[in-house]
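Participant: Output the structure for:
(4 chains)
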There are 2 protein chains.
Amino acid sequence: MKILIIEDEKELAYAMGAYLADENYLCELAFTLEDARQKLACHTYDCVLLDLMLPDGSGLDLLATMNHQQRLEGVIILSAKNSVEDKVKGLQLGADDYLPKPFHQSELLARIYSVIRRKNFNNLNTVQFEEIEINLLSKNVKVNDQEINLTRKEFDLLVFFISNKNKVISKSALAEYLSGDIADMFDNHDFVYAHIKNLKKKLLEVGGNNYLKTLYGVGYKWEK
Amino acid sequence: MKILIIEDEKELAYAMGAYLADENYLCELAFTLEDARQKLACHTYDCVLLDLMLPDGSGLDLLATMNHQQRLEGVIILSAKNSVEDKVKGLQLGADDYLPKPFHQSELLARIYSVIRRKNFNNLNTVQFEEIEINLLSKNVKVNDQEINLTRKEFDLLVFFISNKNKVISKSALAEYLSGDIADMFDNHDFVYAHIKNLKKKLLEVGGNNYLKTLYGVGYKWEK
DNA sequence: CTTCTATGATGAGAATTTTCATATTCAAAA
DNA sequence: TTTTGAATATGAAAATTCTCATCATAGAAG
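Facilitator: This next block holds a predicted model:
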């Protein structure tokens, strides 16, 4: 489970990071909005801990953007202000929980666990992208309500693309994801081509659109 | 592959980060010794790029600590000084390479690759159980110094057994581990039998002992 | 001790995954 | 614009993985 901690009080941020690391969460820290945006652009997290007052702006702006981009991360707002307006605004903007500072580590942990669990039960079961509907649990995929059979690798590929839509994904990242192993730089990853070809073919056969753009020399991007 | 860039010239640090990110390394930046120590306390990297002259001290001190703590990271010293003493001292303190500034990106890349490779091929990546020797990186397996070819699943199975030796492992745990997916209670996991059979056969063919006990109705246990 | 049932083992075949040789396409250099 | 080298696409073959039918065995029940 990966957590992004957006918090400009460095001492607090490091303390949270260390504590959560102990609990086997993978943590990354962002001390500014800009830093947070960078990290969110490159990575997907399971949960984001968001301080509202940051040196370069309000966390609420970031929250609005994330909501707008339909990010899947659970967001817990950490705020010292503890104003009702912020809390309401935060939850309206799609935050999943609000934790006033100061808080106990155990409480933080409990909230994180609950947010991740809730997210998982809401979003994890089905994912939709235009005419494509994926049930992550049963692993069924429908295109225009017509069911198609994908192999495991094709399914994984589709899910990975859709959950990273609009982002550029390198071939080696795909290789790593599909093989479930660190991608050796000096291996060739031609099997990725094969699975992409087969996935494309199956989607087209049932009248799906091709959302997968090839970015020569760079990778792939799934977008409308 | 994760790289920690310890470098106080921010522009250079960002440039390296961007370049290495392109090459599919995950990079983190530290601009001070303190920052670097924090990050090293929380994370493990595959390679550390270390500038020697940092605002809050000399990188050599950090190197000494890392050496003392027997950290596994490969360390490449980046230095503008290019003094023979620093180079000697750095290598004595356990650095793996020394790259005088300015350098070309391609050279940096080559050094990183070489350092990671060297680190990875030493015996830190091998696991031994009696006559069986496994290199986790190259994925070679030797039985009585004789190399055998295992498929990916057979290899994974062997590693899983040996790293859980003397413990009882259920069939569904094996299924989950091999498939890299939560094991569906209502699936049958007969493929586990197949891989176990094939692994056993290959090990016996080269004169290995059978360390795998079947616990009827319970699971398996790897023990001498 | 025998029978019965569920679990595990096995071989063969089906399906999937990966590799490989070849063709095509892209973008930089000439 | 044309050429060139590298990246991507593709079909088919090779290798691996999974399924299935059948057999063997452990342990419970009679």
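Participant: make it CA atoms for all contacts and neighbour counts henceforth
Facilitator: OK.
Participant: element containing the closest residue to chain B within chain A?
Facilitator: Across chain A, no residue is closer to chain B than A:Ala18, which sits at 6.5 Å (C-alpha to the nearest C-alpha). A:Ala18 belongs to helix A:10-22 when assigned by DSSP states H and E.
Participant: Repeat that for A:Lys201.
Facilitator: Here A:Lys201 is assigned to helix A:190-205, by DSSP H and E.
Participant: Ok, A:Leu78 next?
Facilitator: Counting by DSSP H and E, A:Leu78 is found in strand A:74-79.
Participant: now do A:Glu133
Facilitator: Using DSSP H and E, A:Glu133 maps to strand A:132-135.
Participant: contacting residues around that strand?
Facilitator: A:Asn125, A:Thr126, A:Val127, A:Gln128, A:Asn140, A:Val141, A:Lys142, A:Val143, A:Asn144, A:Asp145, A:Val159, A:Gly208 (C-alpha atoms under 8 Å, 6 or more residues apart in numbering or on different chains).
Participant: Same check on stretch A:154-161?
Facilitator: Stretch A:154-161 is contacted from outside by A:Ile134, A:Lys139, A:Leu174, A:Leu178, A:His195, A:Ile196, A:Asn198, A:Leu199, A:Lys221, A:Trp222, using C-alpha under 8 Å, 6+ apart.
Participant: about what we covered before: any chance you could list what contacts the strand holding A:Leu78?
Facilitator: With C-alpha under 8 Å, 6+ apart as the criterion, strand A:74-79 contacts A:46-53, A:90, A:94-101, A:111-112, A:115-116, A:119.
Participant: go with 7 Å
Facilitator: Outside strand A:74-79, the residues that touch it by C-alpha atoms under 7 Å, 6 or more residues apart in numbering or on different chains are A:46-52, A:95-101, A:115-116, A:119.
Participant: Run through the residues of chain A sitting next to DNA strand D.
Facilitator: A:Lys171, A:Asp190, A:Tyr193, A:Ala194, A:Ile196, A:Lys197, A:Thr214, A:Leu215, A:Tyr216, A:Gly217, A:Val218, A:Gly219 (C-alpha under 7 Å from any atom of the strand).
Participant: Could I have the PyMOL command that selects the buried members from those residues?
Facilitator: Filtering these down to the buried ones (16 or more other C-alpha atoms under 10 Å in any protein chain shown) takes a single PyMOL command:
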select buried, chain A and resi 171+196+219
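Participant: Check chain A for its longest helix and report it.
Facilitator: helix A:105-123 (DSSP state H).
Participant: and the residue of chain A found nearest DNA strand C, what does it touch?
Facilitator: Proximity of chain A to DNA strand C (C-alpha to the nearest atom of the strand) peaks at A:Phe191, 3.3 Å away. For A:Phe191, no residue meets the contact criterion (C-alpha under 7 Å, 6+ apart).
Participant: Surely A:Thr214 touches A:Lys200?
Facilitator: No - the criterion here is C-alpha atoms under 7 Å, and A:Thr214 misses it with A:Lys200 at 11.9 Å.
Participant: can you put the residues of chain A next to DNA strand D in CSV and add pLDDT and distance to chain B?
Facilitator: Formatted as CSV, these follow (pLDDT from 0 to 100; distance: C-alpha to the nearest C-alpha, whole Å):
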residue, pLDDT, distance to chain B
A:Lys171, 91, 10
A:Asp190, 92, 17
A:Tyr193, 96, 18
A:Ala194, 96, 19
A:Ile196, 97, 20
A:Lys197, 97, 23
A:Thr214, 95, 17
A:Leu215, 94, 14
A:Tyr216, 94, 14
A:Gly217, 90, 11
A:Val218, 90, 9
A:Gly219, 93, 11
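Participant: Look at the residue nearest the centre of chain A and tell me its secondary structure.
Facilitator: By C-alpha atoms, centre = their mean, chain A has its centre lying nearest to A:Thr44, at 3.2 Å. Of the three states, A:Thr44 takes coil under DSSP: H, G, I helix; E, B strand; the rest coil.
Participant: Rank the helices and strands of chain A by mean pLDDT and give me the bottom one.
Facilitator: Lowest by mean pLDDT, DSSP states H and E among the helices and strands of chain A is helix A:105-123, with a mean of 75.
Participant: what helices or strands is it leaning on?
Facilitator: With contacts taken as 3 or more C-alpha pairs under 7 Å, 6 or more residues apart in numbering or on different chains; DSSP states H and E, helix A:105-123 sits against strand A:74-79.
Participant: The strand it packs on relative to helix A:105-123, how many degrees between them?
Facilitator: Put simply, strand A:74-79 runs at 150 degrees to helix A:105-123, going by axes from the mean of the first three to the mean of the last three C-alpha atoms, to 10 degrees.
Participant: Okay, buried residues for the helix or strand following strand A:74-79 please.
Facilitator: Downstream of strand A:74-79, the next assigned helix or strand under DSSP H and E is helix A:84-92. Across helix A:84-92, burial judged by 16+ other C-alpha under 10 Å covers A:Asp86, A:Lys87, A:Gly90, A:Leu91.
Participant: which regions of chain A lie under the pLDDT threshold?
Facilitator: Counting by pLDDT under 70, chain A shows low-confidence ranges at A:22, A:24, A:42, A:81-83, A:120-124, A:182-186.
Participant: how's it carved up into domains?
Facilitator: Per automatic domain parsing, the domain ranges recorded for chain A read A:2-123, A:126-222.
Participant: The ones you listed: which one's closest to B:Glu11?
Facilitator: domain A:2-123 (15.3 Å; C-alpha to C-alpha).
Participant: Is there proximity between whatever helix or strand A:Lys153 lives in and DNA strand C?
Facilitator: Per DSSP H and E: A:Lys153 is located in helix A:152-163. Yes - interface with DNA strand C: helix A:152-163 contributes A:Arg152, A:Lys153, A:Glu154 (C-alpha under 7 Å from any atom of the strand).
Participant: Any idea how far the least confident helix or strand of chain A is from the middle of the chain?
Facilitator: Mean C-alpha position of helix A:105-123 versus that of the full chain (C-alpha atoms, centre = their mean, to the nearest Å) differs by 15 Å.
Participant: And stretch A:209-216, by the same measure?
Facilitator: On C-alpha atoms, centre = their mean, the centre of stretch A:209-216 falls 21 Å from that of its chain.
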